[in-house]
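# the following block contains a protein sequence and its predicted model.
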Amino acid sequence: MGRAKSRPVALSDADRDRLTRIVRTGSSPAQQVRRARILLELDENHPEREGPSPTHVVVAERAGVCVDTVVKVSRAYAERGGDAVDTVTRKKRLTPPVEPKITGDVEARIIALASTEPPEGRATWSLRLLEKHVLLTEGIPPLDHSSIGRVLKKRNFSLT
């Protein structure tokens, strides 16, 4: 016989309906469906269940996952204060893995540079010429001509 569960899952009717919708519609990511199925199996308040809720081993077999996955989902449910929707959805990052080189200030400085008169002997700015001048300009990180072109295209700025 399995050990008693230290993190019981007790879903409300609204949570149960939402998780059932996630499982049945087929429009949610597979990871969300898997976690929703696990939570529905672990639910101790399920109205159609007679007797005690199944153990982690039984839930793992029914959901087609390993026991560790069931334990991690029940732990996440307890850590998130019993919020079922928050448990099955993916956690958003607070910061991106790499800070973007091109910020609003950098965009403004590139556009300001492209708005100036081109160097002597040139009729217009080219992206490669702007690239060389960006390297010489203080406060702007080194960018290649394609990045400069994306900034100008994003702001509907024409070099002609």
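Cool, got the structure.
# and the helix or strand bottoming out on mean pLDDT in the chain, what does it pack against?
None of the helices or strands of the chain scores lower by mean pLDDT, DSSP states H and E than helix 84-88, at a mean of 87. Judged by 3 or more CB pairs under 8 Å, 6 or more residues apart in numbering; DSSP states H and E, helix 84-88 is in contact with helix 13-25, helix 30-42, helix 67-79. Using the backbone N, CA and C atoms, a C-beta is placed for each residue, glycine as well.
# any chance of the ones you listed in CSV, with mean neighbour count and mean pLDDT too?
Converted to CSV, the helices and strands packed on helix 84-88 look like this (neighbours: other CB atoms under 10 Å; pLDDT from 0 to 100):
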stretch, mean neighbour count, mean pLDDT
helix 13-25, 15, 90
helix 30-42, 21, 91
helix 67-79, 17, 91
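# circling back to that earlier point, could you point out which element follows the least confident helix or strand of the chain?
helix 104-115 (DSSP states H and E).
# the very next helix or strand once past that next one: which residues count as buried?
Scanning forward in sequence from helix 104-115 by DSSP H and E, the next helix or strand is helix 127-136. Within helix 127-136, the residues that count as buried by 16 or more other CB atoms under 10 Å are 129-131, 133-134.
# just checking, what packs against the helix or strand just after helix 127-136?
From helix 127-136 onward toward the C-terminus, using DSSP H and E, the following helix or strand is helix 145-154. Counting contacts by 3+ CB pairs under 8 Å, 6+ apart, helix 145-154 packs against helix 104-115, helix 127-136.
# can the ones you listed go into a markdown table with extra columns for distance to Ala60 and mean pLDDT?
Output for those, formatted as a markdown table (distance: least, CB to CB, whole Å; pLDDT from 0 to 100):
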| stretch | distance to Ala60 | mean pLDDT |
| --- | --- | --- |
| helix 104-115 | 49 | 93 |
| helix 127-136 | 56 | 94 |
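# export these to a markdown table and tack on distance to Arg93?
What follows is the helices and strands packed on helix 145-154, written out as a markdown table (distance: least, CB to CB, whole Å):
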| stretch | distance to Arg93 |
| --- | --- |
| helix 104-115 | 21 |
| helix 127-136 | 29 |
